[in-house]
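Q: no sequence on this one, just coordinates:
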DNA sequence: ACCGGAAATCAACAATCGTTTACATGGGGT
DNA sequence: ACCCCATGTAAACGATTGTTGATTTCCGGT
């Protein structure tokens, strides 16, 4: 028994994931889409390195070689995941915003509460570093633009001298969401803070309201 | 070139870490300590799976086999890291707490601001899953007790019917810290939200004050 | 009905991982 | 000074990883 206990494998020890879409005929685009979907779940929950291409292929119920055929490499597949996440976040946030309560409600709904079960994972995916220079640059840029858009959605002017203070607040709000998702996904803490839609008036709503309120009201000297 | 571009390696692509302690003579305890220190950095920043024992050994400047000699396995080394982190967090939080500002100040100082450069990584270490059942159980239990102690330190009674509401608040506070550390460590966002010690009166202080305030004051219905 | 080509599989590769065994080396007690 | 055991090193193993080339299978147009 040379390598009998090879590696705890980060987390997929308890994680069995399967395809949720019947891939009946042999359709390239359908298979590609299924691969990206499975990959996003794996990458988000287990991280880039801990995810194996064989796992992803197995989740979809397809051979490993298809990943290299369609995406060139594991890294290419990761980039595809990033692009798709970026697109979805883009379209979701392009809708007009009415008032600060709308911003707060959207944040809580879209990120913490998650209408789609895969949605909160998108944020995690943005957080996970891949090690690949290119993918990491995309990730970082997306995260930054998202933060900036959050500040804009809150009705803050972006040219003021106190812009940095605004960004600080947006970053803290972002960090809170990230932390909640991680606390829920990566650890087993799960319960309390996930809450339901009336969170907008609960403690989480309070926090976001404080963070997104007019920074001149209560910020420091 | 069969496996020419093997794997982006999660993040250590840009991360070169070295020993910060001269290991002059041949002393087992010193070497063990150095290994744990290096391992904690690697595990916290890169995750369990992405960290290789050869990296850790190289960081210390020692042969790989010593890890298995002293800790049995990579998993054993991880467990040693967890234990040490648990101990440090324990002793750090056992000191008496005076008032809510003390709690807030400590959270910001110890976690976000980090007197010791390795301190914020401890929280990350608690967050990273290892995949090992045992280590994960330790991690989860520690995280939970930490959350509960946070609620206790805020002066909340632990027997009330509204206990769950208190835990929600503590979890959100915890998530905020976790998110900030991740935002700073795992991504390149780095700057604004790290701030300095006057954060206690800044936006981060506001958030924590809202979260740790008497839940009866502004919470929902 | 049939054949062309895309879609998917199989089998093997080089590299790297964690681990182990056998060997070298240095320092402290007698 | 000498030995001896703990400390550290070197080299190799089996398993798993990402990747690839050859092969098979199935759908669609003529």
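A: On my side now, so go ahead. All values reported here derive from a predicted model rather than from experimental measurement. Residues are numbered from 1 along each chain as shown, chains lettered A, B, ... in the order given.
Q: use CA for all of it now, contacts and neighbours both
A: Fine.
Q: just checking, residue A:203 touches residue B:211?
A: Yes: checked against CA atoms under 8 Å, the pair residue A:203 and residue B:211 is within contact range at 6.9 Å.
Q: what is in contact with these two at once?
A: residue B:169 (CA atoms under 8 Å, 6 or more residues apart in numbering or on different chains).
Q: ranking helices and strands of chain A by mean pLDDT, which lands last?
A: Within chain A, confidence by mean pLDDT, DSSP states H and E is lowest for helix A:215-218 among all helices and strands, at a mean of 50.
Q: domain parsing for chain A?
A: Listed by automatic domain parsing, the domain ranges of chain A are A:9-72, A:79-218.
Q: which residue, other than its chain neighbours, is closest to residue A:180?
A: In this structure, residue A:180 finds its nearest non-sequential neighbour in residue B:175, 5.1 Å apart by CA to CA, 6 or more residues apart in numbering or on different chains.
Q: distance of the one you found relative to residue B:182?
A: Here residue B:175 is placed at a distance of 10 Å from residue B:182 (CA to CA, to the nearest Å).
Q: then residue A:182?
A: Computed with CA to CA, the distance linking residue A:182 and residue B:182 is 10 Å.
Q: next: residue A:212.
A: Relative to residue B:182, residue A:212 is positioned 21 Å away (CA to CA).
Q: neighbour count winner among these two?
A: Using other CA atoms under 10 Å in any protein chain shown as the criterion, residue A:212 and residue B:182 rank with residue B:182 on top: 27 against 23.
Q: go ahead and confirm the more buried one touches residue B:122.
A: No: here residue B:182 lies out of contact with residue B:122, judged by CA under 8 Å, at a distance of 11.5 Å.
Q: point out where chain A drops to low pLDDT.
A: Across chain A, the ranges flagged by pLDDT under 70 are A:1-15, A:18-21, A:89-90, A:92-100, A:103, A:106-121, A:123, A:127-167, A:184-201, A:213-221.
Q: list the buried ones in the helix or strand residue A:91 falls within?
A: Element membership of residue A:91, judged by DSSP states H and E, is helix A:74-93. Within helix A:74-93, the residues scored as buried using 16 or more other CA atoms under 10 Å in any protein chain shown are A:74-75, A:77-86, A:89, A:93.
Q: how about it and chain B, touching?
A: Yes: with CA under 8 Å from any CA of the partner chain as the criterion, chain B is reached by helix A:74-93 at residue A:75.
Q: is the strand or helix carrying residue A:41 in proximity to DNA strand C?
A: Element membership of residue A:41 [criterion: DSSP H and E] is helix A:28-46. Yes: under the criterion of CA under 7 Å from any atom of the strand, DNA strand C is reached by helix A:28-46 at A:28-29, A:31.
Q: so which elements touch that helix?
A: helix A:53-60, helix A:74-93, helix A:119-127 (3 or more CA pairs under 8 Å, 6 or more residues apart in numbering or on different chains; DSSP states H and E).
Q: make TSV out of those helices and add distance to DNA strand D.
A: Putting the helices and strands packed on helix A:28-46 into TSV (distance: least, CA to the nearest atom of the strand, whole Å) gives the following:
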stretch	distance to DNA strand D
helix A:53-60	4
helix A:74-93	4
helix A:119-127	16
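Q: what residues does stretch A:65-72 touch?
A: Here stretch A:65-72 has contacts from A:32, A:35, A:53, A:57, A:73-74, A:77, A:80, using CA under 8 Å, 6+ apart.
Q: which phi and psi does residue A:51 have?
A: Dihedral pair for residue A:51: phi -80, psi 130, per degrees, to the nearest 10.
Q: list the contacts of residue A:63.
A: With CA under 8 Å, 6+ apart as the criterion, the residues that contact residue A:63 are A:54, A:57.
Q: let's verify it: helix, strand, or coil?
A: Following DSSP: H, G, I helix; E, B strand; the rest coil, we place residue A:63 in the coil state.
Q: how far away is it from DNA strand C?
A: 3 Å (CA to the nearest atom of the strand, to the nearest Å).
Q: backbone dihedrals for that residue, please?
A: The phi and psi torsions at residue A:63 (degrees, to the nearest 10) take the values phi -80, psi 150.
Q: for residue A:48, the count of nearby residues, please.
A: Around residue A:48 there are 28 residues (other CA under 10 Å).
Q: and what of residue A:41?
A: Applying the criterion other CA under 10 Å, we find 21 residues in the vicinity of residue A:41.
Q: just the closest of the residues of helix A:28-46 next to DNA strand C to residue B:170, please.
A: Taking CA to CA as the measure, residue A:31 is the one of the residues of helix A:28-46 next to DNA strand C closest to residue B:170, at 43.2 Å.
Q: hmm, the closest one is touching residue A:22, no?
A: No: under the criterion of CA under 8 Å, residue A:31 makes no contact with residue A:22, lying 10.0 Å away.
Q: out of these two, which sits in the busier spot?
A: Neighbours were tallied for residue A:31 and for residue A:22 using other CA under 10 Å; the higher tally belongs to residue A:31 (22 against 11).
Q: and that one, what does it touch?
A: The neighbourhood of residue A:31, defined by CA under 8 Å, 6+ apart, consists of residue A:23.
Q: measure it to chain B for me?
A: 23 Å (CA to the nearest CA, to the nearest Å).
Q: what is in contact with residue B:175 and residue B:182 at once?
A: When CA under 8 Å, 6+ apart defines a contact, the residues bordering residue B:175 and residue B:182 alike are residue A:175.
Q: check contacts around the closest residue in space to residue A:57 that isn't next to it in sequence.
A: Nearest residue to residue A:57, sequence neighbours excluded (CA to CA, 6+ apart): residue A:64, at 5.2 Å. With CA under 8 Å, 6+ apart as the criterion, the residues that contact residue A:64 are A:53-54, A:57-58.
Q: now with 10 Å, please.
A: When the contact criterion is CA atoms under 10 Å, 6 or more residues apart in numbering or on different chains, the partners of residue A:64 are A:52-58.
Q: give me the phi and psi angles of it.
A: Dihedral angles (degrees, to the nearest 10) for residue A:64: phi -60, psi -40.
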